[in-house]
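*Asks:* Pasting a predicted model and its sequence here:
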Amino acid sequence: MKDIAVKMHVDNIHSIIKRYQRFLITTHVRADGDGIGSEIALYYALVGMGKNVCIANDSPTPQVYKFIVPPEGIYVYPQSPKDCTEVVFALDSPNLERLGKVRETIPEDAKIINIDHHVSNEYFGTVNWVVEDMCATGEVILTLLKSMDVAITPDIATALYVAIVTDTGRFTHSNTTSEALRAAAFLIEHGARHEEISKNVYNTNPYNLIQLNAQALSTVTLHAGKRIATIWLTKAMLEKANVNPIDTQEFADIPVSIEGVTVGVLLREMTKPDWVKVSLRSRNGFNVNDVAKKFGGGGHKYAAGCEIQGSIDAVQQCIVGELEKALS
């Protein structure tokens, strides 16, 4: 049954690819390694088929992923391609809203191919391929490309390895399946530059980012009998360290790494006044996606997020209170 479903999705997508010429690829706001790696791999594949392709995102590319960006670059809103788009690939995004302002550039008659692995996906596309038991959207893209007999070049392999290694937390998260490890092995066999990935993504931290890390660690607080840990990033801290918020995604993993903690919470003041970005990480079977959904967010069982209006202190009280109820 699973093979039949895969063939159906691949056939639908492949027929659209063959029928049209102008493609736009995008992902969710504040793009992560899975979103960007998936975009870039699909970009190279479509260009190899002779298609007119561009990548356009709501947010800038985090510094750690710029080494895999194609020479043609990535549009960042309000920049957008001049040619009218016929088909949009929306990758790793649970809904249209999470695409940010890029969705304003999508023609009404464009076909949307929604490829994702989030349990919270709203099936918003013309075609929807959502595989919740795959470790990353990059694993879905790899399945698509292999099924279409696309040659997996070193550039494609490197981009997809970035997607998988980051979304599995370097193969430490609960979504690290045997299939994920087989996919990673396949990508290395096809030229994925894993040493370059390790250096750029995990071992090239700017000094000012380390300074920000030190500031953030001083805000760590334990709650609910040490089952919840919070950490803050204020606008003042970001400005003092001269760090772009897009480059702080890994900070969300700090509080949940504390011994005995079940839920870790990163609270970051957003650029829009009086709003806080909340990133939730968990373990021990606790589902943070259910909590994030109560505030209009979502994600995965062990990693989710939302945005809440209020001061950072008030938002902390609110989210910790909700987590305490869920943990009781």
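*Replies:* In hand now; what should we look at?
*Asks:* Could you give the number of residues near residue 253?
*Replies:* The tally of other residues near residue 253 (other CB atoms under 10 Å) stands at 16. For glycine as for every other residue, the C-beta is placed from the backbone atoms N, C-alpha and C.
*Asks:* Could you do the one 4 residues further on as well?
*Replies:* Each residue near residue 257 was counted by other CB under 10 Å, and the total is 11.
*Asks:* Grab the nearest non-local neighbour of it.
*Replies:* Leaving aside its chain neighbours, residue 257 sits nearest to residue 264 (7.2 Å; criterion: CB to CB, 6 or more residues apart in numbering).
*Asks:* Can you tell me which helix or strand of this protein has the lowest average pLDDT?
*Replies:* strand 298-299 (a mean of 87; mean pLDDT, DSSP states H and E).
*Asks:* so what strands line up beside that one?
*Replies:* strand 303-309 (antiparallel) (DSSP bridges).
*Asks:* what separates the strand it pairs with from the chain centre, distance-wise?
*Replies:* 14 Å (CA atoms, centre = their mean, to the nearest Å).
*Asks:* Show me which positions of that strand end up buried.
*Replies:* Neighbour counts over strand 303-309 (16 or more other CB atoms under 10 Å) mark 303-308 as buried.
*Asks:* returning to what we had before: tell me what the residue nearest to residue 257 is bridged to.
*Replies:* residue 229, residue 281.
*Asks:* just residue 130 next, same as before
*Replies:* Legend: beta-bridge partners of residue 130 under DSSP bridges are residue 116.
*Asks:* if I pick it, what's in contact with it?
*Replies:* 114-118, 121, 123 (CB atoms under 8 Å, 6 or more residues apart in numbering).
*Asks:* now do residue 225
*Replies:* Applying CB under 8 Å, 6+ apart, no residues qualify as near residue 225.
*Asks:* how does it look with 10 Å?
*Replies:* Residue 225 makes contacts with 260, 324, 327, as judged by CB atoms under 10 Å, 6 or more residues apart in numbering.
*Asks:* Next: residue 126.
*Replies:* By CB under 10 Å, 6+ apart, the contact set of residue 126 is 12, 16, 87-88, 110-114.
*Asks:* What pLDDT is listed against it?
*Replies:* pLDDT recorded at residue 126 is 96.
*Asks:* same thing with residue 1?
*Replies:* pLDDT recorded at residue 1 is 49.
*Asks:* Start at 57, not 1
*Replies:* Yep, numbering from 57; the last one is residue 57 now.
*Asks:* What average pLDDT does stretch 256-273 get?
*Replies:* 95.
*Asks:* what comes up buried for it?
*Replies:* For stretch 256-273, burial by neighbour count (16+ other CB under 10 Å) applies to 256-257, 265, 268-269, 271-272.
*Asks:* my read is residue 121 is in a helix, agree?
*Replies:* Yes. The assignment for residue 121 is a helix, going by DSSP: H, G, I helix; E, B strand; the rest coil.
*Asks:* List the contacts of the longest helix belonging to the chain.
*Replies:* For the chain, the longest helix by residue count, based on DSSP state H, is helix 58-75. Contact with helix 58-75 is made by 79, 101-102, 105, 107, 142-143, 145, 167, 169, 171, 182-187, 189, 196, 199-206, as judged by CB under 10 Å, 6+ apart.
*Asks:* Done for today, thanks.
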